[in-house]
Structure formats: C-alpha cells, structure tokens
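*Asks:* model the structure of this input:
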Amino acid sequence: MTDNVDGSRPRYSVPTKQEICIPETFLKKQKAHEKNEAEQAEIKAAKKKARALNRNLISKKAESYVREYRQRERDEIRLRRQAKSTGNIYIPADPKLLFVVRIRGINDVHPKVSKILQLFRLVHLNNGVFVRLNKATANMLKIIEPYITFGPPNLKTIRTLIYKRGFVNVDCQRIPITDNDVIQNNMGNLDVICVEDVIHEIYTVGDHFKQVNRFLWPFKLNNPTGSWSKRKFKHYVEGGDAGDREADINRLVQSMV
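*Replies:* Here you go, the predicted structure:
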C-alpha cells in the first residue's frame with residue numbers, strides 16, 4: 001500500500017446499500033418465502049377459526065343428545081308407572097340393536113357358519129360388532145348361535161366400547177380415534193363430525209347406522225374376567241355362554257374391555 005503525495009494513508013469508502021449488487025434470484029426467493037409465510041399464516045388462522053366453530057357445534061350437539069337420552073329414560077319410567085297404576089304390565093319394545101361377540105375359534109366350523117361370521121366381520125375370537133336387528137339378521141344369528149353370544153347394549157356400554165376400544169376403518173387401515181378430525185374427514189358428508197355423533201347413530205340406530213357401523217373397526221376384546229365358563233359351548237340359559245343373554249351382555253362387555 002503506497003502513501004499519498006502528502007504522506008497520508010489513502011482512505012477507502014464503505015459501499016452504500018445502493019451500491020451493493022443483490023442477485024435477482026435471491027430477491028425472488030425472498031419474495032416467494034414471504035408470500036408462502038403469509039399464506040401459511042392465513043391457513044393457520046382459518047383452521048383455528050374452524051376448530052373453534054366445530055367445538056361450539058360439537059358442544060351443542062352433545063347437549064342435545066343428553067337431553068334426548070334423558071327424555072327417553074323419563075318416557076320409559078312414565079310408561080311403566082302408568083301400566084302399574086292401571087294394574088297392567090309394561091312390555092318394552094323389541095330391541096333394534098344388538099352387540100354380538102364371537103366366543104369360538106375356527107375349528108370344525110361349517111362353511112355356511114364361516115361365511116355368516118365373515119359377513120358380520122367376526123373373523124377372530126373375542127371380536128365384537130354392533131348389529132341392527134331385523135328378520136334377515138335374526139335368521140343368521142340363529143345359524144351361528146353356538147359360536148356367538150349377544151344382547152342389546154345400553155348407552156354406557158356403547159360409549160365405553162367406542163371411547164376405550166374404538167378404531168375406524170380408513171382406506172382399509174385400522175386407525176385409532178385420537179380426535180374428532182379423523183371422523184369429520186371421513187364421515188363429514190353424513191353430518192357425523194365427532195365421537196358423540198357416532199355414539200348417537202349407533203344407540204338410536206339412525207339413518208346412517210350402516211355407514212357408521214362399517215366405518216367402525218370390529219372391537220378386539222379381552223377374555224372376560226375369570227375367563228369363559230367350562231361349558232361355554234352350551235346356551236346361556238343352560239349355564240353356558242352361547243346365545244342370547246339379553247341385558248347381561250352389558251356386564252359381559254364391561255368385563256372384556
């Protein structure tokens with residue numbers, strides 16, 4: 001470095017921002033990044049708003065379902081009291097819903113029985129499914145009666161099964177019900193957006209019972225407390241486990257969850 005004529009050191013000026021040459025590709029990349037961040041912020045805000053609306057809607061639905069269930073119980077009590085006051089006997093309506101559990105394995109199974117078990121999705125031992133009771137299903141249950149046990153579930157049993165052992169079928173995959181988004185993304189077109197909607201459709205055997213029931217994966221249960229009886233292949237009324245056990249199905253399911 002050489003000195004100036006007067007002996008002083010040469011001075012170098014720092015380039016200003018206007019003099020700095022910024023590559024155009026860098027500017028384009030920065031603008032694209034800022035645009036992407038703005039879009040993501042808008043999407044995040046929209047999702048947050050939608051979740052808040054869904055929470056309010058789900059809360060209102062749950063409250064309406066509770067009122068409906070309580071009204072059913074009050075109507076049942078009122079009809080029983082009316083019948084008793086007039087000296088009559090109140091006979092409740094036949095159940096529309098059954099919970100069916102498979103209690104026998106695959107050994108010595110007739111092809112017709114095996115096919116019906118497959119139609120009911122009772123492929124493995126201790127599998128359980130909800131079944132709408134009609135003439136066709138009643139006839140099929142008679143054929144496979146030695147291999148199953150069943151009865152009408154109450155609201156507590158349905159809620160326990162779905163909350164504790166509930167899995168859904170998404171693209172033939174067994175997905176746990178971790179949040180309501182899993183249900184809304186697959187059943188939202190049927191106005192079924194939360195777990196309470198699923199419980200309501202099953203309990204009331206609603207208009208979308210078939211779709212909701214097929215959406216639920218068959219329940220995988222444990223052996224009941226104390227295991228099955230040694231005479232489980234005999235009918236329930238004979239001291240075994242097979243066949244219709246009516247309201248006692250609720251006690252059995254509670255011991256298998």
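*Asks:* what ranges do the helices span in the stretch 101-250 of the chain?
*Replies:* Ranges of helices in the stretch 101-250 of the chain, per DSSP state H, counting those that start in this stretch, are 111-119, 135-143, 155-165, 180-187, 195-204, 209-215, 248-256.
*Asks:* packing partners of the biggest helix by length in the chain?
*Replies:* When the chain is parsed with DSSP state H, its longest helix is helix 24-85. Judged by 3 or more C-beta pairs under 8 Å, 6 or more residues apart in numbering; DSSP states H and E, helix 24-85 is in contact with helix 180-187, helix 195-204. Every residue, glycine included, has its C-beta placed from N, CA and C.
*Asks:* neighbouring contacts of the shortest one?
*Replies:* Residues lying outside helix 180-187 but in contact with it, judged by C-beta atoms under 8 Å, 6 or more residues apart in numbering, are 54, 58, 168, 170, 175, 177, 192-195, 197-198, 208, 211-212, 215.
*Asks:* buried ones among these?
*Replies:* Burial by neighbour count, 16 or more other C-beta atoms under 10 Å: within the contacts of helix 180-187 this picks out 58, 168, 177, 192, 193, 194, 195, 197, 198, 208, 212, 215.
*Asks:* kindly reformat the residues you listed as JSON lines containing pLDDT and distance to residue 128.
*Replies:* As requested, these are exported to JSON lines (pLDDT from 0 to 100; distance: C-beta to C-beta, whole Å):
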{"residue": "58", "pLDDT": "86", "distance to residue 128": "26"}
{"residue": "168", "pLDDT": "94", "distance to residue 128": "15"}
{"residue": "177", "pLDDT": "92", "distance to residue 128": "16"}
{"residue": "192", "pLDDT": "90", "distance to residue 128": "21"}
{"residue": "193", "pLDDT": "88", "distance to residue 128": "25"}
{"residue": "194", "pLDDT": "90", "distance to residue 128": "22"}
{"residue": "195", "pLDDT": "93", "distance to residue 128": "18"}
{"residue": "197", "pLDDT": "93", "distance to residue 128": "21"}
{"residue": "198", "pLDDT": "94", "distance to residue 128": "16"}
{"residue": "208", "pLDDT": "93", "distance to residue 128": "21"}
{"residue": "212", "pLDDT": "95", "distance to residue 128": "16"}
{"residue": "215", "pLDDT": "95", "distance to residue 128": "16"}
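*Asks:* quick one: end-to-end distance for stretch 189-206.
*Replies:* Taking C-alpha to C-alpha, to the nearest Å as the measure, stretch 189-206 stretches 15 Å from start to finish.
*Asks:* and what of stretch 107-124?
*Replies:* First-to-last distance for stretch 107-124 - C-alpha to C-alpha - comes to 12 Å.
*Asks:* kindly report the same for stretch 83-91.
*Replies:* Chord length of stretch 83-91, first to last residue, is 9 Å (C-alpha to C-alpha).
*Asks:* can you tell me which residues contact residue 239?
*Replies:* 229, 231.
*Asks:* domains for the protein, by residue range?
*Replies:* The chain is divided into the following domains under automatic domain parsing: 19-92, 97-256.
*Asks:* in terms of mean pLDDT, which of those ranks lowest?
*Replies:* Confidence, taken as mean pLDDT, is least for domain 19-92 of the domains of the chain (a mean of 84).
*Asks:* nearest to residue 32 among the buried ones among the contacts of helix 180-187?
*Replies:* residue 193 (35.8 Å; C-beta to C-beta).
*Asks:* I'd say residue 124 and residue 102 touch.
*Replies:* Yes. With contact defined as C-beta atoms under 8 Å, residue 124 reaches residue 102; the gap is 7.1 Å.
*Asks:* out of the two, which sits in the more crowded spot?
*Replies:* Neighbour tally, residue 124 and residue 102, criterion other C-beta atoms under 10 Å: the higher count belongs to residue 102, 23 against 12.
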